[in-house]
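**Student:** Predicted model and sequence follow; I will ask about them next.
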Amino acid sequence: MDVAREYIKNIDKIAPCPEVALDVLSIAHESDCSIPKLAEKIEQDPGLTANMLQMANSAYFGHIKKITSIRDIIVRLGLETVKIIAITSASVGLLNTPQKGYALGRGELWHHSYGVATLANIIGRYAKVRDNAAIYTAALLHDVGKIILDRPLQLESYNRDNQNPPLTMIERERNLLHTDHAEVGMALLEKWGLPESICVPVGLHHDMSQPRAKRLGVKIVHLADFLAHITEYDPEKPEDMFFDALAYEDHKENLPEVPHFEKNMRLIIDEYIDKFTETVSVFEL
Ligand SMILES: [Fe+2]
Ligand SMILES: [Fe+2]
């Protein structure tokens, strides 16, 4: 963990999180989240306001009357939905950047993160979790550590990456940097002051052997991450989005048990594909 903290020391230079976005994240996760305070904060950022209005007016929410203000969004869509739209809009700038060290082009980390978040939210609803917005945020930010480790990984790989046989991504990070993106992501979110219900699933999403990984939030993020990886998406051909049911059957034994998931899997995947393809491009302004 100390190595992870070293990497985020100069975080403001590597991945500046716009202050408004961070405040929105914190206000949205306060237990007594105030609607006027949240609306006021969002309105301070014109880009975030525009994103939220476009999202709220998208086909997915199917409103006939046009939504024209943040307060309108909160009243018409409800606080939970608003939190989720605000958190997504606030994070897209950070997640949209290319990560060469991980062979991820522009937008790829964002597509993956938004996919995992959308899935986690649907799985969480079926599992009847209490704080689904926290699970959504954890899922959205689960790979945020890659943004921090991208450059160090590129440098170290250049110097001494000659592994035979090929390593998993986590093994490669551990080998070269003595930490991994899950640990660094958790250290970053702790530094940003986000609650444990968000930080822990991020920190453990690749390490299900730890006692704290028995928490439902960790299980959901891990499961959603796996499902997003086996659901292929090509931004050029969104209509061809495809869930690899065979890959699921092959790995099912290793996946954590989440209440009501297995018997509703088909419904969950169908809802995910619909929602993802209809909303993903809204945020890419
Ligand atoms: Fe990851
Ligand atoms: Fe991931």
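**Tutor:** Looks like it came in fine. Ligands and ions are numbered 1, 2, ... in the order given.
**Student:** Just the C-alpha atoms of the host helix or strand of L223, please, in PDB.
**Tutor:** Per DSSP states H and E, L223 falls inside helix 216-229. Extracted as PDB, the C-alpha positions of helix 216-229 are listed here (Å, rounded to 0.1, in the frame of the first residue of the first chain):
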ATOM      1  CA  LEU A 216     -21.600  -7.600  -1.800                       C
ATOM      2  CA  GLY A 217     -20.200  -4.400  -3.300                       C
ATOM      3  CA  VAL A 218     -16.800  -6.200  -4.100                       C
ATOM      4  CA  LYS A 219     -18.600  -9.200  -5.500                       C
ATOM      5  CA  ILE A 220     -20.800  -7.100  -7.800                       C
ATOM      6  CA  VAL A 221     -17.900  -5.100  -9.200                       C
ATOM      7  CA  HIS A 222     -15.800  -8.200  -9.800                       C
ATOM      8  CA  LEU A 223     -18.700 -10.000 -11.500                       C
ATOM      9  CA  ALA A 224     -19.600  -6.900 -13.600                       C
ATOM     10  CA  ASP A 225     -16.000  -6.500 -14.700                       C
ATOM     11  CA  PHE A 226     -15.900 -10.100 -15.900                       C
ATOM     12  CA  LEU A 227     -19.200  -9.800 -17.700                       C
ATOM     13  CA  ALA A 228     -18.200  -6.500 -19.400                       C
ATOM     14  CA  HIS A 229     -15.000  -8.200 -20.700                       C
END
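**Student:** Is ligand 2 within reach of it?
**Tutor:** Yes: residues of helix 216-229 contacting ligand 2 under C-beta under 5 Å from the ion: D225. C-beta: built from backbone N, CA, C; applies to glycine.
**Student:** if we look at the next helix or strand after that helix, which residues are touching it?
**Tutor:** Moving toward the C-terminus from helix 216-229, the next helix or strand (DSSP H and E) is strand 231-232. By C-beta atoms under 8 Å, 6 or more residues apart in numbering, the residues outside strand 231-232 that reach it are 115, 240-244, 269, 272-273.
**Student:** Mind giving me the PyMOL select for those residues, buried ones only?
**Tutor:** To isolate the buried members of the contacts of strand 231-232 in PyMOL, using 16 or more other C-beta atoms under 10 Å:
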select buried, resi 115+241+243+269+272+273
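**Student:** Please consider this matter closed, and thank you.
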